[in-house]
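Asks: A structural model of the following input is requested.
(chains A and B)
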Protein chains: 2
Amino acid sequence: MRILIIGAAGMVGRRLAEKLIADGRLGSERIDTIHAFDVVEAPLVSANGIEIEAQAGNIANSQTVEGLIAQKPDVVFHLAAIVSGEAEVEFEKGYDINMDGTRHLLEAIRHIGAGYRPRLVFTSSIAVFGAPFPEKIDDHFFRAPLTSYGTQKAIGELLLADYTRKGFVDGIGIRLPTIVVRPGKPNKAASGFFSGIIREPLAGLDAILPVADDVRHWVASPDAAVHFLLHAGTMDLAQLGDRRSLTMPGLSVTIAEMIEALGRVAGNEAVAHIKRQHDPQIAAIVDGWPRDFNAQRAEEAGFKADQDFDAIIRAHLADEEARKAKS
Amino acid sequence: MRILIIGAAGMVGRRLAEKLIADGRLGSERIDTIHAFDVVEAPLVSANGIEIEAQAGNIANSQTVEGLIAQKPDVVFHLAAIVSGEAEVEFEKGYDINMDGTRHLLEAIRHIGAGYRPRLVFTSSIAVFGAPFPEKIDDHFFRAPLTSYGTQKAIGELLLADYTRKGFVDGIGIRLPTIVVRPGKPNKAASGFFSGIIREPLAGLDAILPVADDVRHWVASPDAAVHFLLHAGTMDLAQLGDRRSLTMPGLSVTIAEMIEALGRVAGNEAVAHIKRQHDPQIAAIVDGWPRDFNAQRAEEAGFKADQDFDAIIRAHLADEEARKAKS
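Replies: As a prediction, this is how the structure comes out:
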């Protein structure tokens, strides 16, 4: 089979590609080719006889997208996006990539016709929901995004459902929780500290905690994100009916609970690296974010949350050790 | 002030234009010009010193829309749409007009810049909601449209909210109930019989009732629709916060209640013109439609439902008499 990954150079996209290459198959089907698309060429290494076609380009260009689909991939993983903060500042760029890019993809698939109806896994976001929230947000809560990014993702979900209903594509939208622990360097995303307060202390570095200890958030590990994508790429979607977007199961944890888990896994010396330095701006942004979800639909469809936050930290440590062993 | 009506030749658009011309003002402000746009020229007659600019064109053309906005209307009423049945059959046409047309409008407004921030009244639809429904649907119920038309309107609501949040426009989306009694000839819309079983008997003609007497639906009169538009064009929208789309207050009535009202207003001879002839196809379509809403948000914002179904029938009779007196 042929798989197209749009956004293959990103943290989750690359991890997905590497997992597919290592497995050699998606579900029960052998993979022949992985077409890895992103704004830069994804640095993937071929294995298991899988051909890697790495391509750089921009999905805001409809002809580029038509070129991707002309080769009729069996499964498309669409992970490309201008992230929340950037889409808020660069209004046109956000709409060009996040809304038009997704529409170009759906249109390119529709235009192939002749019974071509690939599986399309669209990564959406819990940013489709906006405050005020109920205590737990379920899949049927009103999408009232408070960012352009959330608006673009909500529009993507609507288009995906309509193109699926019309039989042009077999689509599923999965709303990923905030991914923790993100590897690599600290970034300036408002959510960056959720990873930073774990990643940095584990590496013996200080990390700043800009919000209160009782802040609650919805998180999943990078491994869980890859599991969500693989399951979405193989499961029978008919059971979802017309409502094709699902909030993925995460863990609803407070900062205090995250820090306790860090202490259990890595001891008090790790915890001592967390420096409390309140940032009213970040605190205000985070205050508008959802805290907890009812992901029952996704759970019933076979998507599994991480076991607990201790397991998330341990998996990150194992990843880091494997990375060091390789380099 | 200058008012732009997009969809000015339609039943509601034309009625709105005629009301504005008769009043000479919108709220407390004198109207200088009404720019009446539609696919055909709206047959409006000037009065009260108001200049009428009737123009025919297509909002799927972005340059046409830029031309409309270049004259910086103070208030824009956007009523143009490919209706539900046609948008379902003509997939591209529906997206071109209902989604891209609305986006062209928002983009044209954004591109003027320099503090230009007109009031935009967007007519949405209860088709943004899809079964299964709760007993009463409130404004925060999940938008899961089951038609392309409903999808396009839901996307319009999302764009309107985002462009409003970013300060480009002062937008409000109003979801109109099914308008009853529509004047004129019977049409082939699945909802046509809701008007037909009142309008035809009042004119001494037979009308076919294709569904059961216990079918419940959400309706408002043409006068109520004009009141909703005028109120949306003048009210202070800040009270709505970021959630700028509202289900307008309607009457939730059964066919049996509609027929009882017809009997009270026009007697048994009118009722005898209703011929029950079950149509399983129409019955199935209507079965998927919402029946009842909680329009509390709109009511609190000053939107008023019709008094009762008797009043809707009496208003239709008065309209017909006025029409005959004129011709």
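Asks: got a list of contacts for stretch A:253-266?
Replies: Under the criterion CB atoms under 8 Å, 6 or more residues apart in numbering or on different chains, residues A:194, A:197-198, A:201-202, A:209, A:211-217, A:219, A:270-271, A:274, A:308-310, A:312-314, A:317 lie in contact with stretch A:253-266. Every residue, glycine included, has its C-beta placed from N, CA and C.
Asks: chain B next: which of those residues are close?
Replies: When contact is defined as CB under 8 Å from any CB of the partner chain, the contacts of stretch A:253-266 do not meet chain B at all.
Asks: just the buried ones out of these, please.
Replies: When these are checked for burial by 16 or more other CB atoms under 10 Å in any protein chain shown, the buried set is A:194, A:197-198, A:201-202, A:209, A:211, A:215, A:217, A:219, A:270, A:274, A:309, A:312-314.
Asks: pick the one among those residues closest to B:N187.
Replies: For the buried ones among the contacts of stretch A:253-266, the closest approach to B:N187 (CB to CB) belongs to A:H217, at 52.2 Å.
Asks: that closest one contacts A:W289, doesn't it?
Replies: Yes: with contacts defined as CB atoms under 8 Å, A:H217 counts as touching A:W289 at a distance of 6.7 Å.
Asks: what do those two both touch?
Replies: Residues touching both A:H217 and A:W289 by CB under 8 Å, 6+ apart: none at all.
Asks: up against chain B, what does chain A have?
Replies: A:91, A:130, A:139-146, A:148, A:151, A:154-155, A:158-159, A:161-162, A:165-166, A:242-243.
Asks: what do you get if the cut-off is 6 Å, keeping everything else the same?
Replies: If contact is defined as CB under 6 Å from any CB of the partner chain, the residues of chain A in contact with chain B are A:140, A:142, A:144, A:148, A:151, A:154-155, A:158, A:162, A:243.
Asks: selecting buried members of the residues you listed in PyMOL, what would you type?
Replies: To isolate the buried members of the residues of chain A next to chain B in PyMOL, using 16+ other CB under 10 Å:
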select buried, chain A and resi 142+144+148+151+154+155+158+162+243
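Asks: so which residue is smack in the middle of chain A?
Replies: The residue lying closest to the centre of chain A (CA atoms, centre = their mean) is A:L176, at 4.8 Å.
Asks: what residues are bridge-paired with that residue?
Replies: Beta-bridge pairing for A:L176 (DSSP bridges): A:S125.
Asks: list phi and psi for the nearest residue to A:F142 once chain neighbours are set aside.
Replies: Spatial nearest neighbour of A:F142, chain neighbours left out: B:H140 (4.2 Å); criterion: CB to CB, 6 or more residues apart in numbering or on different chains. With angles defined as degrees, to the nearest 10, B:H140 sits at phi -100, psi 10.
Asks: again, but for A:V180
Replies: Main-chain dihedrals, A:V180, degrees, to the nearest 10: phi -140, psi 130.
Asks: what values do phi and psi take at the closest residue to it other than its chain neighbours?
Replies: Once flanking residues are discounted, A:V180 sits nearest to A:V219: 4.4 Å by CB to CB, 6+ apart. Per-residue torsions, A:V219: phi -130, psi 160 (degrees, to the nearest 10).
Asks: show me what contacts A:V219?
Replies: The neighbourhood of A:V219, defined by CB atoms under 6 Å, 6 or more residues apart in numbering or on different chains, consists of A:177-178, A:180, A:250-251.
Asks: nice, that's everything, thank you.
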